[in-house]
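*Asks:* Kindly return the folded structure for what I paste below:
(chains A and B)
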Amino acid sequence: MPFFEQLAGNLVYGAILGSVYGLSTMGLSLIFGVLRIVNVGHGPFIMLGAFTAFWMFTLFGIAPVISISVALVLGLALGFVVFFAVIKRLINAPELSTLLATFAIGIFLEEVAKFIWGPDHRGYSWDIGSIDLSITLIPYSKILAFISSIVIAYLLYMWFQKTKLGAAVRAVVEDSEGAAACGINVGRIYALSFAIGIGLTVASGVLVTLFVPVGINPYMGHEYTLKAFVIAVLGGLASPWGAFYAGFIFGLIENGSYTLLGTIPGVEPFSLTRFVAFSLLLVILLIKPTGLLGGESK
Amino acid sequence: MRIAKFGLLLALIVGLAFLGCAQQEQPKATPTPTPAATPEEKIPDKILIGGTLSLTGKYSKEGQMSLWGIQAAIKWVNDVHGGVNVGGKKVKLEFKYYDDESKKEAVQSLVERLITSDNAMFLLAPYSSGLTLAGAPIADKHKVLYMSHGGASDRIFEQGYAYVVQTLSPASEYMAPFLDMVKAVDPSAKKVAMVYEDSEFSKAVFAGARKHAEELGFEIVLEKTYPKNPTDLTPLLSEVKAASPDIIIGGGHFADGQLLASQMADLKLDAKAISILVAPALPKFYEALGTKAEGICAPGQWEVGVTYGPEAAKKSGIDYFGPSQDEFLNLFHEFAGKDTMPSYHAAEAAAAILAYAKAIEEANSLDTDKIRNTMNDLRFMTFFGEWKIDPATGKQIGHKMVIFQWQGGEKKIIWPPSAANAEPYYPIPTWDEKAAGKLAKK
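*Replies:* Residues are numbered from 1 along each chain as shown, chains lettered A, B, ... in the order given. Here you go, the predicted model:
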C-alpha cells in the first residue's frame, strides 16, 4: 500500500525532525520558566550552532556528532557572557525591555555572523551511509541527530531531578523568594539556567545541520524561531519537557499531515501543512490553554 | 414612487459598474508602426541611448556588471565597427545613464527625464523584472523604444506595450532547453516530475516548462509546489520517488534548490537527469554538496565559455554581429579591470546595445517606428546568442537559455549544441554511484 508506506515514512521523518524541534525549543522554555524572559533572539543561537558544526567539519574534519559537545560548551560560555552583559540588568524590568534586548542580541549575532562569514548558504557533506527501512531510507546522520536529541534531553532531566543544583533551579521556578530564603543564590541560578538554555539552543543548531546539512547562513534561524515559539506554547511555555514532547508532536503533524492532505484532490499538501499544524495549536490551546503539559512539570 | 427611485438608483449602479468594466478593457496595443519615413531623413552626428542603472541599492552588483557590458559593447560599435551605418554615414553611439538606486520610483522619473530633457533616442531598461516594468509605461507613452536586458518576467510583455522589446530569455523559457536536451539525447525518457517553489518567478518558469514538456510528448507524472523557506522536503520527495520519474525539474531560489538536491540524495531519489533553478549555477552549490552535485543541471542566460560565434551563426544560417567572445572579454576588462570576469548581466546588457545597432543598420533609419518594424523580422546572433523577438509582444524568442551541468567538479555548458563546450552526461550517476566516488565525467 503506497499510501500507508508513505504515511509511515513521513511519520518516521517527522519524529526525527520533531526531536530536533523539541531540543531546539527546550532552551527557550527553560529560560522562560526560570527567568520569565522570552528570548526573541532564539533563532540566531541555533544559527551559531549550525556554523559550529560546519566549521568544525570543514576546517578540522570533526564529525558533527562530536561538535554537539563543542557547541554545548560554546553555548554555555556565550550564555554566561550574554547573561552578565545584558540579561542580569533586565531580570525585573518591564517585558518590553527584555523583548527589545533579546531581539537586539539576535540581530547583533546575525550581523556579526554575516560580517565574518558572509551571506552565502553553506553546507557540508558527511556521508556515513543510510538504513533502508523498506518504507523509506534514513541516513545514519539523521538517526544520530534523533538519538543525540533524546540523550541530551534525558541527561538534562536527570540533572534536574537528581542533583542539588537541579533541585535549586526547580525551587527558583516554584518560588524565587522562598528559594532565596532557603539560602539559594537566586542570581547564580538565573545565570546558570540562562547559560544552559543558550547551550541547549546552540547544541540544537548542530542537530539541525545533521538533519539538513545545507542552507547554513546567518539568517537561517528565523524559520526555527517561529516554530520554537509555537512548540513552546504547545508544550506549556515554561516546561522544557513539555517543549520536547510538543516538538515531537509538531514534527509528526507537519510531516504526517502531508500524506493525509495529499489524498484530497486538487490540494497542494505542502501549502497546507503549516496551516494544519497551526490550526491544531489553536485547538489545543482552546481546550487546554496552559499547553499540553502546562502546569504539570513546571 | 419609492420603488421608482430605488429602481433608478439600481439602474445607475449597474450602469456605472458596466462603465467601470468597460474602462478596464482597454484595446490591446499592438505595434503598428507607421511605415512611412521621410526619404531624406536627417542623420545626426551621434545616437544617444539612455538608460537607468542600479549602481546602488540591492541590484548594485548586477547594475555595475550591466554598465561594464554596455560600455564594452559601445566601444566595439564605435571603435571596431567604426560606428553605426545609417543613411550612408557612420554614426557613433553615446550612452547617457543615471543611477536608479534599485528603486522603482527613481526609474520612472529618470526614464521621463532621459526622454524629455536629455532627448535619448533609445532606452535600455534597468536590471530586474520589477524595475523594467516600472519604466515600461513611461517609455511606451513617449513612443521610445525600451529594451529589457535584465527583466525576464513574461508579464512585462503581456501589458500590450508596443515599444518594449526583450533581449534575454523570458522566465517561461528557462527550463525549455533542458527538456529539448533530454528529448534529443534520450527519446525514450517519458516521465517528468516538477517540484518548485510557490513564488511568482518559479510559477512562470514551470508553467512554461509544463507547456513545453507536453509539446515534446513528455508525461508530467507529478507537479507539486512547496512554500518559501522550507526546512524539510522529504514528504514531497518521497511522493516523487513513488512516481519514479525519468526526469526531475524544480527549484526556486538558492536555499531551497540546495535543500532539494541534498534531500534527494538522502532518499536516493534517482533520475536520469535533474535540473534545478538558480542554485546549481553558483559555485557554492558544489562546495556545499560536493560530489552529490555531480550531473545536476541548471539553466543560465549566458556564461563565459559559450561558443556562440560567426561559425555557429553560419551553421544556423543567420548573420553574426558584434565582437567575438574573446574580443568582448578584452573590451570588458578595459572597463572592469583584468581580474573581473563578466557575469551574464554584462553579456545581456551588451547584447541589447548590439541589437539596437544592428536594428538601426537594418532599418537604415533612426525612426523609432521603422526600427521597431524592422525588429519584427530581425534575426541574428551575437556572442550572447540569438536575437529574435515575437512581433506581437516584443518578447525574446530567439535567445536560448544555456544548460550547465556539473561534470567532475566543473560547470560545463552542455546545451544548446551551438553554445556547448561539453557533451551532456546522461543518464547521470545514481546517488549510490556518486557516494562511491563516481563523477559525471566521461
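
*Asks:* low-confidence ranges in chain B?
*Replies:* Per-residue confidence for chain B (pLDDT under 70) gives these ranges: B:1-40.

*Asks:* quick one, helices of it?
*Replies:* Taking DSSP state H as the criterion, chain B contains helices spanning B:2-24, B:60-75, B:104-116, B:129-141, B:176-185, B:200-215, B:234-242, B:254-266, B:283-289, B:310-316, B:325-336, B:344-363, B:368-377, B:431-435.

*Asks:* May I see the ones you listed organised as a markdown table, with distance to chain A and mean neighbour count added?
*Replies:* Quick note: C-beta positions are derived from backbone N, CA and C, even for glycine. Written out in a markdown table, the entries for the helices of chain B read as follows (distance: least, Cβ to the nearest Cβ, whole Å; neighbours: other Cβ atoms under 10 Å in any protein chain shown):
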| stretch | distance to chain A | mean neighbour count |
| --- | --- | --- |
| helix B:2-24 | 29 | 9 |
| helix B:60-75 | 12 | 23 |
| helix B:104-116 | 24 | 19 |
| helix B:129-141 | 21 | 21 |
| helix B:176-185 | 22 | 20 |
| helix B:200-215 | 12 | 19 |
| helix B:234-242 | 4 | 24 |
| helix B:254-266 | 4 | 25 |
| helix B:283-289 | 3 | 19 |
| helix B:310-316 | 35 | 15 |
| helix B:325-336 | 21 | 18 |
| helix B:344-363 | 19 | 26 |
| helix B:368-377 | 40 | 20 |
| helix B:431-435 | 6 | 17 |
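
*Asks:* Just put those in TSV and tack on distance to A:S271.
*Replies:* Output for those, formatted as TSV (distance: least, Cβ to Cβ, whole Å):
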stretch	distance to A:S271
helix B:2-24	30
helix B:60-75	31
helix B:104-116	29
helix B:129-141	23
helix B:176-185	26
helix B:200-215	12
helix B:234-242	11
helix B:254-266	14
helix B:283-289	26
helix B:310-316	43
helix B:325-336	43
helix B:344-363	32
helix B:368-377	41
helix B:431-435	28
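
*Asks:* So B:F335 sits against B:M65, correct?
*Replies:* No: taking Cβ atoms under 8 Å as the definition, B:F335 is not a contact partner of B:M65, at 10.5 Å.

*Asks:* neighbours around residue 45, how many?
*Replies:* Just so you know, I chose chain A. Residue crowding around A:F45 was assessed by other Cβ atoms under 10 Å in any protein chain shown; the count is 33.

*Asks:* Please refer instead to chain B.
*Replies:* Neighbouring residues of B:D45 were enumerated by other Cβ under 10 Å; the total is 9.

*Asks:* what's near enough to touch the residue lying closest to it once chain neighbours are set aside?
*Replies:* Counting by Cβ to Cβ, 6 or more residues apart in numbering or on different chains, B:D45 lies nearest to B:V91, which is 6.8 Å off, once chain neighbours are set aside. Applying Cβ atoms under 8 Å, 6 or more residues apart in numbering or on different chains to B:V91 gives the contacts B:I43, B:P44, B:D45, B:K46, B:I47, B:G83, B:V84.

*Asks:* so which of the residues you listed comes closest to B:S275?
*Replies:* Of all the contacts of B:V91, the one with the least separation from B:S275 (Cβ to Cβ) is B:V84, at 39.2 Å.

*Asks:* For the residue in chain A that chain B sits nearest to, give me phi and psi.
*Replies:* For chain A, the residue closest to chain B is A:G123, as judged by Cβ to the nearest Cβ, at 3.0 Å. Dihedral angles of A:G123 (phi, psi; degrees, to the nearest 10) stand at phi -170, psi 160.

*Asks:* try A:I264
*Replies:* For A:I264, the backbone dihedrals are phi -80, psi 120 (criterion: degrees, to the nearest 10).

*Asks:* A:L261 contacts A:V276, doesn't it?
*Replies:* Yes: using Cβ under 8 Å, A:L261 and A:V276 qualify as a contacting pair, with a distance of 7.0 Å.

*Asks:* just to revisit the earlier point, isn't the residue of chain A closest to chain B right up against A:V208?
*Replies:* No: with contacts defined as Cβ under 8 Å, A:G123 does not count as touching A:V208, sitting 12.0 Å away.

*Asks:* How many neighbouring residues does the residue of chain A closest to chain B have?
*Replies:* Close neighbours of A:G123, defined as other Cβ under 10 Å, add up to 27.
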